[in-house]
Every structure is written in structure tokens, then in C-alpha cells.
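Asker: sequence? don't have it. structure:
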């Protein structure tokens with residue numbers, strides 16, 4: 001699907017070049033209480049939806065529960081290739097007394113709110129990320145006791161479905177900017193720049209994901225990041241879509257059975273050597289083929305944003321080599337597996353598209369491709385026999401830990417960058433050199449990871465400098481200042497491995513199952 005946005009103003013070309021950068025990496029996927037929907041009355045083919053969500057928000061004194069109700073007017077149905085425009089988007093925010101006490105300690109006598117709500121939009125196997133901005137009107141008085149109700153509203157980007165079926169909109173992360181005194185924004189306007197929250201607030205590994213709140217002083221805005229409460233169904237709306245698939249649907253991930261392996265199977269990437277091991281009592285070679293979809297989120301540190309990564313079909317040659325020490329004292333197992341991405345025969349992730357707000361008010365859309373160089377190594381290390389008493393040693397923990405090594409490069413899809421709906425030409429070879437990306441999964445996390453049953457994989461990625469960006473002018477320095485750098489957090493979700501022999505872990509048609517992206521992992 002394609003996201004776009006419009007405002008009344010035109011963006012000068014020089015400004016557009018800079019603003020475009022605020023959406024690019026968020027689109028790349030390098031470096032993203034119980035919800036209840038109530039349908040309102042339908043007017044001229046539209047329906048009103050209201051969804052109640054429970055968030056945990058990081059205030060200076062700690063994590064506090066915040067109830068948020070999202071209302072919007074949406075078309076009853078859509079057609080492929082035609083934009084679907086939400087209207088009347090409002091957020092009602094209920095701050096508990098414990099959060100209000102923080103405002104009082106910061107000497108806030110009145111406060112206005114600006115919000116950025118991250119939205120996941122899925123259209124069949126495709127997905128995209130977008131943010132819904134909102135701003136309050138006049139400041140609300142901070143009460144001496146009791147809760148505080150705030151409200152924001154704003155124009156939001158449209159979505160253009162590319163495949164028939166359904167479009168589903170789901171809430172993800174939320175950020176609040178609480179400003180003391182009289183608000184400067186008016187209802188329906190866009191908020192001042194605020195950070196877009198990542199999908200995984202609460203995980204210990206990333207600044208974005210932890211939902212950390214920057215320190216505030218009296219008279220300065222308080223910025224708060226929020227994560228959905230555990231176990232919520234955060235769907236805002238599901239809309240049927242009619243029509244034929246459009247050209248943009250070529251970005252949809254590969255569907256079907258596991259692709260054929262090359263003659264002789266997959267080989268380990270020599271760039272990533274296996275971990276050291278103790279003396280062995282068993283060395284085996286019994287490879288078997290499977291495949292799984294992997295999707296998830298990527299935080300972008302410099303842009304304070306997150307993007308939904310399109311599902312990638314991954315071919316896996318399991319247990320190329322099995323190394324073990326079966327003695328009770330050592331109790332060691334290492335499985336060496338090789339994998340390869342498959343997107344319609346190309347070794348890459350499907351192109352991922354996202355729309356973010358540059359400087360908090362200009363919608364910027366971009367699509368990026370992550371291209372695989374060589375195979376992917378998956379090393380699984382743990383106890384050979386998990387049922388006997390275990391003592392950690394220098395070769396392993398008592399948990400099963402999988403480390404996934406890949407070498408990727410990022411390329412901005414030509415013609416995909418739009419700023420405020422206006423195309424920005426970055427050329428046909430705007431890309432990074434290859435870089436290493438490493439993520440890990442463990443049986444000790446919540447939810448756990450297992451190479452056969454899937455689960456969350458997390459890790460940090462360093463983005464190298466872009467090159468060859470721009471037509472007739474060098475845009476590399478701007479891209480690198482806004483994007484390149486370390487500490488970009490990834491939270492991927494691997495689906496269950498579908499085995500070619502026996503169809504174990506497959507759906508009823510012998511195909512790999514599509515996983516739901518996990519938004520939060522601990523441990």
C-alpha cells in the first residue's frame with residue numbers, strides 16, 4: 001500500500017530536501033486495557049469508530065497507566081488504487097492523579113497536549129507505518145487533586161490499498177508532549193515537533209524502546225513515551241477493499257511453498273565464524289529444509305521513529321552441522337544453520353514503505369530495500385539435555401540462544417520519496433555500502449524464541465553513510481547527518497518454521513504461516 005499526506009502549504013524545494021530525510025530511515029526498517037471498537041452511525045458511506053486503549057507511560061516518577069480513546073471517521077469500504085482518508089481523528093487522554101502530581105511538581109498550573117500515535121496498516125501480506133499527529137487547543141487547568149482529561153485532534157495521512165481483501169489499522173506506540181501554559185496550536189493543526197515512539201517501549205536494550213522520558217524543568221515541555229499494555233488487541237478498524245491488485249502490489253512478499261534450495265543446499269557465510277565450543281563427543285551433518293516469514297519493527301535513533309518491516313520469506317537449511325558434548329558435566333549443543341531471503345527470487349526483504357512527520361508537521365514518505373549479501377548464519381547454542389541440572393560455563397548459558405548474522409545494504413527505491421506529496425528525486429543509486437546486522441533470540445525472553453517455533457529477535461544496527469544520493473547535487477551529507485550512525489534497535493518476529501518434509505509447522509496448504517509482529521519483549 002502507499003501512504004500519502006497533504007497540507008495546504010507548499011514546501012520550497014530546498015526545504016523539501018531536508019524534510020525528506022525525516023521519513024527515509026524510518027521507512028527503511030534498519031535503522032517498530034482491552035481495545036474495543038464501537039461502530040457509530042454511517043453517513044454518506046462513512047462510519048465512526050471509537051477504540052479504548054490502555055497505555056503505560058513513562059513519567060518522571062515512574063510508569064503510569066494512561067487510558068486513551070481514539071475516535072475517527074472512516075469509509076465503510078475502499079477500492080484498490082484509491083486513497084482512504086481518515087477524518088475527525090481525536091484522542092482523549094486520561095492522566096491519573098499520580099501523573100498529574102508530576103505536573104504539579106514541575107509547577108505546571110495549566111497544560112496543553114500534543115500527541116503522535118504510531119499506526120500499523122496492513123493490506124493482505126503487505127504493511128506500512130504511519131503516524132497520526134494531534135494537537136490540543138486551549139490549555140487545561142492542572143487540578144490540585146484527581147485525574148486530568150486532555151484531548152488532541154489533527155489531520156492524518158491517507159492510505160491507498162494495493163490489494164483486494166481488507167485494510168486493517170492498528171495502534172502502536174504513543175508519545176505525548178505536555179506543554180505548560182496556554183497552547184499555541186489550534187484544533188486541527190499539527191503539533192510541534194515531538195518524538196515518534198518505537199514499537200517496543202519496555203525492552204531494556206534500546207533508548208527508544210525503554211520509553212525513557214527526557215528530564216524536564218519548570219516551564220519546559222514534558223515529553224512522555226507510552227507503550228500499549230500487555231495482551232491488548234489494538235485494532236482500530238478493518239475495512240473491506242474491492243478491485244484488482246495495482247502495480248504497487250509487486251511489493252507484496254512472496255507467498256507459497258518454500259523455495260527450492262540451490263544445488264548442494266545453502267552454505268554458511270564465511271564472514272561470520274561459528275562460536276567457540278568445548279571438546280566434542282558428537283559431530284553430525286543432517287540438514288533439512290524449512291522456511292518462515294520474518295517481520296517486525298525497526299527504531300531509528302536519530303529520527304526517534306519506528307517502521308513496520310514488510311514480511312520476508314526466509315529459506316532455512318537447518319542443522320548443516322550439529323556439535324555436541326553429551327556428558328552431564330559439559331552438556332553442550334551447537335546447531336549451525338544457513339538461511340537466505342527470497343523476494344520473488346531476489347535475496348532481499350520486500351520494499352518497506354512508511355510515512356513520518358518531518359519536523360512534526362510535514363508528511364514524508366519513502367520506500368527502502370534491504371538487500372542481502374551472502375547467506376545468513378544462524379548459530380543456536382544451549383544445553384544438549386535441558387532436563388539435567390545445568391551450570392553456565394564459558395561456552396554457553398543454561399538457556400538456548402540463537403544468534404543471526406547477516407550482511408545487508410540499504411537502497412532507497414527510485415521515485416519513492418515524497419515530501420508533502422511532492423516527489424523528491426534522490427537518484428537511482430542512493431544506497432549504503434554493505435553492513436553487518438546481528439540479532440539474537442533466547443528461550444529466556446518473554447515471549448521466548450525458538451528456531452522451530454519462532455519468536456522475537458532483537459539487536460542494534462549501525463547504519464553506514466549513504467552514497468550517490470541526489471540528481472545534479474550531492475545530498476549525501478544531509479542523509480548522513482540525519483540517518484547514519486549506531487544504536488538503531490530492531491525487534492523482529494520470526495514465524496514458525498515450515499518444514500519441507502512432513503509439512504510440520506505449516507498451514508493447511510503446506511505453506512509457512514504469517515506471524516503477527518511482536519511489539520514488546522522483555523528479558
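Answerer: Sure, I can see it. Bear in mind that the values here come from a model prediction, so they are computed numbers and not experimental data. Residues are numbered from 1 along each chain as shown.

Asker: Could you use CA atoms for every contact and neighbour count after this?
Answerer: Will do.

Asker: The longest strand along the chain pairs with which strands, parallel or anti?
Answerer: Longest strand in the chain, counting residues (DSSP state E): strand 305-325. Using DSSP bridges, strand 305-325 pairs in its sheet with strand 282-284 (antiparallel), strand 288-300 (antiparallel), strand 332-342 (antiparallel).

Asker: dump the residue contacts of residue 332.
Answerer: Counting by Cα atoms under 8 Å, 6 or more residues apart in numbering, residue 332 touches 278, 324, 325, 326, 381, 382, 383, 384, 385, 396.

Asker: Narrow those residues to those that are buried.
Answerer: Buried subset of those (neighbour count, 16 or more other Cα atoms under 10 Å): 278, 324, 325, 326, 381, 382, 383, 384, 396.

Asker: Turn those into a markdown table, columns for pLDDT and distance to residue 337.
Answerer: Listed next are the buried ones among the contacts of residue 332 as a markdown table, based on pLDDT from 0 to 100; distance: Cα to Cα, whole Å:
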| residue | pLDDT | distance to residue 337 |
| --- | --- | --- |
| 278 | 95 | 19 |
| 324 | 96 | 15 |
| 325 | 95 | 18 |
| 326 | 92 | 20 |
| 381 | 97 | 11 |
| 382 | 95 | 14 |
| 383 | 95 | 17 |
| 384 | 94 | 16 |
| 396 | 92 | 18 |
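
Asker: export those to CSV and tack on distance to residue 52?
Answerer: As requested, those are exported to CSV (distance: Cα to Cα, whole Å):
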residue, distance to residue 52
278, 54
324, 51
325, 53
326, 53
381, 42
382, 42
383, 44
384, 46
396, 44
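
Asker: which residues touch stretch 494-506?
Answerer: 258, 288-295, 451-457, 510-515.

Asker: Filter those residues down to the buried ones.
Answerer: Buried members of those, counted by 16+ other Cα under 10 Å: 258, 289-295, 451-452, 454-457, 510-515.

Asker: All the strands of the stretch 401-523 of the chain, residue numbers only.
Answerer: Using DSSP state E, counting those that start in this stretch, the strands of the stretch 401-523 of the chain run over 401-412, 418-419, 422-423, 435-442, 455-463, 485-494, 498-499.

Asker: quick one, which of these is packed in tightest?
Answerer: Across the strands of the stretch 401-523 of the chain, averaging neighbours per residue (mean count of other Cα atoms under 10 Å) puts strand 418-419 on top, at a mean of 28.

Asker: How far does that strand sit from its chain's centre?
Answerer: 21 Å (Cα atoms, centre = their mean, to the nearest Å).

Asker: packing partners for that strand?
Answerer: strand 362-372 (3 or more Cα pairs under 8 Å, 6 or more residues apart in numbering; DSSP states H and E).

Asker: Give me the angle between the strand it packs on and strand 435-442.
Answerer: Counting by axes from the mean of the first three to the mean of the last three Cα atoms, to 10 degrees, strand 362-372 lies at 90 degrees to strand 435-442.

Asker: Report pLDDT for residue 407.
Answerer: With respect to pLDDT, residue 407 scores 97.

Asker: partner residues bridging it?
Answerer: Beta-bridge partners for residue 407, by DSSP bridges, are residue 436.

Asker: One more: residue 299?
Answerer: Applying DSSP bridges, one finds that residue 299 bridges with residue 306.

Asker: My guess is it contacts residue 307. True?
Answerer: Yes - using Cα atoms under 8 Å, residue 299 is in contact with residue 307, at 6.7 Å.

Asker: Export the contacts of residue 332 as CSV, with columns for distance to residue 272.
Answerer: Output for the contacts of residue 332, formatted as CSV (distance: Cα to Cα, whole Å):
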residue, distance to residue 272
278, 19
324, 20
325, 23
326, 26
381, 15
382, 19
383, 22
384, 23
385, 27
396, 18
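
Asker: Just the terminal-to-terminal distance for stretch 426-446.
Answerer: With Cα to Cα, to the nearest Å as the measure, stretch 426-446 spans 41 Å from end to end.

Asker: Might you calculate how far it sits from the centre of the chain?
Answerer: 13 Å.

Asker: Equivalent analysis for stretch 467-482, please.
Answerer: The answer for stretch 467-482 is 25 Å, by Cα atoms, centre = their mean.

Asker: could you give me the average pLDDT of that stretch?
Answerer: The model assigns stretch 467-482 a mean pLDDT of 81.

Asker: ditto for stretch 286-306
Answerer: The predicted model assigns stretch 286-306 a mean pLDDT of 79.

Asker: Any regions of the chain where pLDDT drops low?
Answerer: For the chain, applying pLDDT under 70 flags the ranges 1-44, 125, 182-219, 247-255, 300-306, 354-364, 478-479, 481-482.

Asker: I'd like the distance between the nearest residue to residue 229 once chain neighbours are set aside and residue 96.
Answerer: Using Cα to Cα, 6 or more residues apart in numbering and skipping the chain neighbours, the partner closest in space to residue 229 is residue 55 (5.1 Å). Separation of residue 55 from residue 96 (Cα to Cα): 12 Å.

Asker: Repeat that for residue 126.
Answerer: For residue 126 relative to residue 96 (Cα to Cα), the value is 38 Å.

Asker: hang on, residue 104 in a helix?
Answerer: Yes - counting by DSSP: H, G, I helix; E, B strand; the rest coil, one finds residue 104 located in a helix.

Asker: residue contacts, the closest residue to it other than its chain neighbours?
Answerer: Spatial nearest neighbour of residue 104, chain neighbours left out: residue 142 (7.4 Å); criterion: Cα to Cα, 6+ apart. By Cα under 8 Å, 6+ apart, the contact set of residue 142 is 100, 103, 104, 108, 109, 110, 111, 148.
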